[in-house]
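Colleague: Any chance you could fold what I've pasted below:
(chains A and B)
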Amino acid sequence: MKLLLTLFFEFFKTGLFAVGGGMATLPFLYDMSARHPDWFSTAQLADMVAVSESTPGPIGVNMATYVGFETGGIAGAVIATLGLVTPSIIVILIVARMLKAFRGNKTVDAVFYGLRPCSVGLIAAAGILVVKIALFRWDYVGPNEDWWRFFFNWKALILAAALLVLTRFIKATKKLHPVIFILASAAAGVLFSF
Amino acid sequence: MILWQLFVSFARVGVLTFGGGYAMIPMLEREIVDRRGWATSEELMDYYAVGQCTPGVIAVNTATFIGYKTAGNLGGIVATLGVVFPSLLIITVIAGIIQNFSDIPAVKSAFAGIRVCVCVLIFNSVVKLWKGAVKDKATLVLCLLVFGLSVFFPISPIVFVVFCAAAGILFTRMGVRGK
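Modeller: Numbers count the residues shown, from 1 in each chain, chains lettered A, B, ... in the order given. Model (predicted):
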């Protein structure tokens, strides 16, 4: 019981202070493993990050669930996850209520006029990060003259081009649910060993 | 009934999100904007921006926002529980049964393929969101500035959000908006 309470409190703190998305929880988890060495090691943490990134769901939530499970079984997984999301729920409900009260306010409207292009810029920049690891092979960049031949991940580029055509230009496939393309890409990855 | 719909919709978004919160945008567009009509594309962007600078995981923050907007406090809580539910299930199963899950060659290949798809989906989302956000010269400059700086420099998103909020007010006061 004490373990579960500590888990909840630790993840509550993480959820309250990690600002800016799932990966922002990582430094808190390192700190946690230093203070609770019997919970999990930093080597285990690396595995948890890998699994969190390669399973569906927000990375921050996945990591909390994983750490919670390793530390306190199924109850631990549930408690750690709830601990992580509780501060978000409280803060967002307050912010949402304030926004609702100020709806139609000229200043709030002006703020969002500035924030929308900001969101698009941030999402595009995050997309570039994925493009960097998904379509190119940075480990080949080096002194070799012909590094550029290996620099492009050709299989990935062909898949990307095919997906682009299917999702944007072909009427029959344009409106399909994104998950269909995700599953097809996973299959392509396995078939052609990306 | 609406609560159950919120739970199911956000569980669906949770299960279909691979990677960080940004990978969630295409799924939210599909499920929340197109299918349910609970929010507009513009509102989604507003929540995303606010979610960047409030504490916690962005996916959770966005879920709480839309849940609250749709069905009040309880809606916010239920949407959040929905978005974390698949993670709880999947991670518990993987952690409990499969050792070294992410070292399995087939898993690695599948995710290399999925990442390619995520690139394309995000690109499509950006094109769509661009139309709602970049409406004049001022917003064009803001968008390109944020994009360029955050690609090349490790600047916290909070800095951009605060800066752009201030710029939004300034541009509106100066009367350059819509030009």
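Colleague: and the helix or strand harbouring residue A:15, how far from the chain's centre?
Modeller: When secondary structure is defined by DSSP states H and E, residue A:15 falls within helix A:2-17. Centroid separation for helix A:2-17 versus its chain: 21 Å, with CA atoms, centre = their mean, to the nearest Å.
Colleague: Which elements pack onto that helix?
Modeller: With contacts defined as 3 or more CB pairs under 8 Å, 6 or more residues apart in numbering or on different chains; DSSP states H and E, helix A:2-17 has these neighbours: helix A:26-35, helix A:59-101. Placement of C-beta: from N, CA and C, glycine included.
Colleague: closest one to residue A:107 among those helices?
Modeller: In this view, these are compared for proximity to residue A:107 by CB to CB, and helix A:59-101 is the closest at 12.0 Å.
Colleague: And chain B, is the closest one touching that?
Modeller: Yes - part of helix A:59-101 sits close enough to chain B to count as contact by CB under 8 Å from any CB of the partner chain, namely A:59-62, A:65-66, A:69-70, A:74, A:77-78, A:81, A:84-85, A:87-89, A:91-93, A:95-97, A:99.
Colleague: The longest helix seen in chain B vs helix A:2-17, what angle?
Modeller: For chain B, the helix that runs over the most residues, judged by DSSP state H, is helix B:58-97. Relative orientation of helix B:58-97 and helix A:2-17, computed by axes from the mean of the first three to the mean of the last three CA atoms, to 10 degrees: 150 degrees.
Colleague: what ranges do the strands span in chain B?
Modeller: In chain B, no strands are found when defined by DSSP state E.
Colleague: and after the least confident helix or strand in chain A by mean pLDDT, which helix or strand comes next?
Modeller: When each helix and strand of chain A is scored by mean pLDDT, DSSP states H and E, helix A:147-151 comes last, with a mean of 75. The element immediately downstream of helix A:147-151 (helix or strand, assigned by DSSP H and E) is helix A:154-168.
Colleague: could I have that next one exported to CSV, CA atoms only?
Modeller: What follows is helix A:154-168 as a C-alpha-only set of coordinates in CSV (Å, rounded to 0.1, in the frame of the first residue of the first chain):
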residue,chain,number,x,y,z
TRP,A,154,15.5,4.0,-50.6
LYS,A,155,12.9,1.5,-49.5
ALA,A,156,11.5,4.0,-47.0
LEU,A,157,11.5,6.8,-49.6
ILE,A,158,9.6,4.6,-52.1
LEU,A,159,7.1,3.7,-49.4
ALA,A,160,6.7,7.4,-48.5
ALA,A,161,6.2,8.4,-52.1
ALA,A,162,3.6,5.7,-52.5
LEU,A,163,1.8,6.7,-49.3
LEU,A,164,1.8,10.3,-50.4
VAL,A,165,0.1,9.5,-53.7
LEU,A,166,-2.4,7.2,-52.0
THR,A,167,-3.3,9.7,-49.2
ARG,A,168,-3.4,12.8,-51.3
